[in-house]
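[1] turn this into a model:
(one chain, ligands or ions: 1)
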Amino acid sequence: MGLTGPYDVVVVGAGPHALALLTRLLVDVDDKYEERPNNERLFSATKKGKFQTKVKDNPQIQRTPRQIAAFLNSKQKQKSCLHNICVVDEYGCWMSQWEKQFDVLGISHLRSTLFVHPDAFDLQSLAVFAAMQKRESEMLDISRSIRGSKFSGPFIIPSTALFWDFCCHIVSNYGLEKYVKKGRVLDIVKTIDCNGCRVYTLTMSDGSKIQAKNVVISTGNTTLKNIPIWAEEIYVANTDRTVLHSSDLIQQSRCKGIGKMPLENMFNALLKLDSQAPSLGWNLKGKNLLIVGGGLSSGHLAIKAAMMGAKQIHLVCRSQIKVRQFDLSLDWIGRGRFKKLADFFSIHCFEKRFQVLQTARNGGSITPNVHEGLTKLIEDGLLTIHEDTDVWSCEQQKQLEESNSKKWVVELSDCGSLKVDQVFLATGSTIDSLKDPLLHHLHKISEVEIVDGLPLLTEDLEWQEDSGLFVMGVYAALQLGPDALNIAGARAGASRIAYKLNKVLGIS
Ligand SMILES: Cc1cc2nc3c(=O)[nH]c(=O)nc-3n(C[C@H](O)[C@H](O)[C@H](O)COP(=O)(O)OP(=O)(O)OC[C@H]3O[C@@H](n4cnc5c(N)ncnc54)[C@H](O)[C@@H]3O)c2cc1C
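    Prediction:
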């Protein structure tokens, strides 16, 4: 099997986080609002490590719309010294998983604001892009519905289509298609080359190997499905696929991501999808469903299932449904954000930082828009929500002679019992770096301290100082803060990693 490299940098995963990193690495930008603790234009620190923000308001406009439009309209020249980068993704193109996820759940608008996106050039880029395309109507101003003591707006959310087209535009504008290679990374080991230099060898699922001087893990937060204990056995046995995790549904999407896929591969992929489609249980007409989980995915799933003709939907969640526009407390966005970050950086006990993360995120929630959709389904008699309820058991009934389908009998903690055809586990993912398919290899390379499953990375998001191994996304939350997994976290993480890589690779 082939060996490629060594590359200067291999990024594993081609989602929005990796895209944010590439744009940050490939363009020279002067960004006052880079959320690095060592960005002296934004933060100051005392000798004792107490941080303060120098900006107490929303970010000011750094460039005029005309300057941004000119940038967006011109093909960007890349730094020649950064050509030795490779991005590996199992789908072989940019943002495929992201697109599929939004497609299967039928998500019309993002949850986050217009000012968070993967383009490093300017916070306003997406807004200017919308104006350039005369698509202002796809920017939904929901400030009035969420304004409160913690937040004074504006809160404008982009449509999924607008955000997607913008990402396609920046991939093309920065010439990023060529960086992505198709493959699933199974293993990472540290080796020493013939010159005595450190090099990482990544083994792919087809047996080929890629070598890299620096590796960035950007594989998202869905790599480890969270399967409730009562569902563990039935989820594994599950030959008729009537028990699915919400992340399994992305196989149903035909979206192809951004970038080129050889025609032959695309044809094979579609054939595979067609052969899988009937067995995935996505034919919901006339079916009774159980959806487990109280987050946004469960809400979207219920609405989508009703649209697809489901007869009766039961949504079971362990707590009360929380209705929030964004998936973390609003004081982390808007004008108080930089102060919150400064306070977070000032905490030097990482267990305490973890508590801040938990308080800010406070479990799963649904948006007001999805809440409205669910309320309508309840009124129409299609949906029952069982709050503060757990599933005690779920067993498949013996096949009834007169029908060819088996039902699941579900016992609930409120003593209720349900009979359903299909179970969807919208129970999110487990965050545990020791169990994560890739990060557990990093623990073998060198041990790092862990706080509740999160590794203690350096300020530059390195596994260990000068290790050349970097981690983006949710696993960087102890450094980045509660929106590490979101697109805001993509910008912040990209800024820190690019800062270090630029130094290591000798790029000013
Ligand atoms: C339904 C839903 C809606 C959301 N809406 C928002 C929102 O509006 N705003 C917001 O800020 N956040 C939102 N989020 C949070 C979300 O996590 C981020 O928006 C984003 O998808 C995370 O990007 P990522 O690059 O970290 O991961 P992903 O988009 O998951 O990309 C990771 C990539 O890594 C690849 N990969 C994984 N393992 C390997 C491997 N071993 N080898 C090779 N490739 C691999 C995958 O194929 C995938 O393409 C939402 C999340 C969900 C589930």
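[2] CA atoms for contacts and neighbours, from now on please.
    Noted.
[3] which stretches of the stretch 101-250 of the chain form strands?
    Remark: strands assigned in the stretch 101-250 of the chain by DSSP state E, counting those that start in this stretch are 139-141, 156-158, 180-182, 185-192, 198-204, 209-217, 243-245.
[4] compile those into CSV and extend it with columns for mean neighbour count and distance to residue 107.
    Formatted as CSV, these follow (neighbours: other CA atoms under 10 Å; distance: least, CA to CA, whole Å):
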stretch, mean neighbour count, distance to residue 107
strand 139-141, 18, 14
strand 156-158, 22, 11
strand 180-182, 20, 26
strand 185-192, 17, 29
strand 198-204, 20, 32
strand 209-217, 22, 27
strand 243-245, 23, 18
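[5] among these, which is nearest the ligand?
    strand 185-192 (3.9 Å; CA to the nearest ligand atom).
[6] need the contact partners of that closest one.
    12, 88, 90, 198-205, 437-438, 441-442, 445 (CA atoms under 8 Å, 6 or more residues apart in numbering).
[7] low pLDDT regions in the stretch 101-250 of the chain?
    For the stretch 101-250 of the chain, applying pLDDT under 70 flags the ranges 147-150, 152.
[8] now for the contacts of strand 185-192: which two are most distant?
    90 and 198 (25.7 Å; CA to CA).
[9] lowest confidence element among the helices and strands of the chain?
    Using mean pLDDT, DSSP states H and E, the weakest-scoring helix or strand in the chain turns out to be helix 263-276, at a mean of 37.
[10] around the ligand, which positions in the stretch 101-250 of the chain sit nearby?
    110-112, 183-186, 218-220 (CA under 6 Å from any ligand atom).
[11] give me that answer again for 8 Å
    101-102, 105, 107, 109-113, 116, 182-186, 204, 218-223 (CA under 8 Å from any ligand atom).
[12] so which residues of the stretch 351-500 of the chain form strands?
    Using DSSP E, counting those that start in this stretch, strands in the stretch 351-500 of the chain cover 383-386, 391-396, 408-412, 417-420, 422-425, 450-451, 454-455, 469-471.
[13] so which of the ones you listed is nearest residue 285?
    strand 422-425 (11.4 Å).
[14] helices and strands around the closest one, which ones?
    Strand 422-425 sits against strand 243-245, strand 288-292, with contacts defined as 3 or more CA pairs under 8 Å, 6 or more residues apart in numbering; DSSP states H and E.
[15] would you turn these into TSV with distance to residue 394?
    Shown next, in TSV, are those (distance: least, CA to CA, whole Å):
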stretch	distance to residue 394
strand 243-245	10
strand 288-292	10
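[16] which one of the ones you listed lies closest to residue 468?
    Using CA to CA, the helices and strands packed on strand 422-425 put strand 243-245 closest to residue 468, at 34.4 Å.
[17] list the contacts of that closest one.
    Against strand 243-245 from outside (CA under 8 Å, 6+ apart): 225, 227, 234-235, 422-427.
[18] with stretch 491-505 instead?
    Against stretch 491-505 from outside (CA under 8 Å, 6+ apart): 8, 17-18, 20-22, 24-25, 34-36, 116-118, 120, 459-462, 470, 472-473, 476, 480, 484, 508.
[19] domain parsing for the chain?
    According to automatic domain parsing, the chain comprises the domains 3-109+169-222+431-504, 229-327+364-425.
[20] lowest average pLDDT across those domains?
    Mean pLDDT is lowest for domain 229-327+364-425 among the domains of the chain, at a mean of 83.
[21] can you give me how far that domain is from the chain middle?
    20 Å (CA atoms, centre = their mean, to the nearest Å).
[22] distance of residue 4 from residue 214?
    Look at residue 4 and residue 214: by CA to CA, to the nearest Å, they are 14 Å apart.
[23] actually residue 20, not the one I wrote
    Applying CA to CA to residue 20 and residue 214 gives a distance of 17 Å.
[24] got it, and residue 178?
    In terms of CA to CA, residue 178 sits 19 Å off from residue 214.
[25] kindly report the same for residue 369.
    According to CA to CA, residue 369 and residue 214 sit 42 Å apart.
[26] equivalent analysis for residue 444, please.
    17 Å.
[27] does residue 428 really touch residue 222, like I thought?
    Yes - assessed by CA atoms under 8 Å, residue 428 is found in contact with residue 222 at 7.5 Å.
[28] and the two? Which one has more around it.
    More crowded of residue 428 and residue 222, by other CA atoms under 10 Å: residue 428, with 22 against 15.
[29] identify the residue nearest the more buried one in space, chain neighbours excluded?
    residue 226 (5.6 Å; CA to CA, 6 or more residues apart in numbering).
[30] return the residues in contact with that neighbour.
    So residue 226 contacts 427-430 (CA under 8 Å, 6+ apart).
[31] what about the ligand: which of the residues you listed touch it?
    Answer for those near the ligand (CA under 8 Å from any ligand atom): residue 428.
[32] ok so residue 47 is a strand residue?
    No - counting by DSSP: H, G, I helix; E, B strand; the rest coil, residue 47 is not part of a strand but coil.
[33] what's the burial count for the nearest residue to residue 57 once chain neighbours are set aside?
    In this structure, residue 57 finds its nearest non-sequential neighbour in residue 335, 4.6 Å apart by CA to CA, 6+ apart. Applying other CA under 10 Å, we find 19 other residues in the vicinity of residue 335.
[34] got the contact list for residue 195?
    Counted by CA under 8 Å, 6+ apart, residue 195 has zero contacts.
[35] no further questions, thank you.
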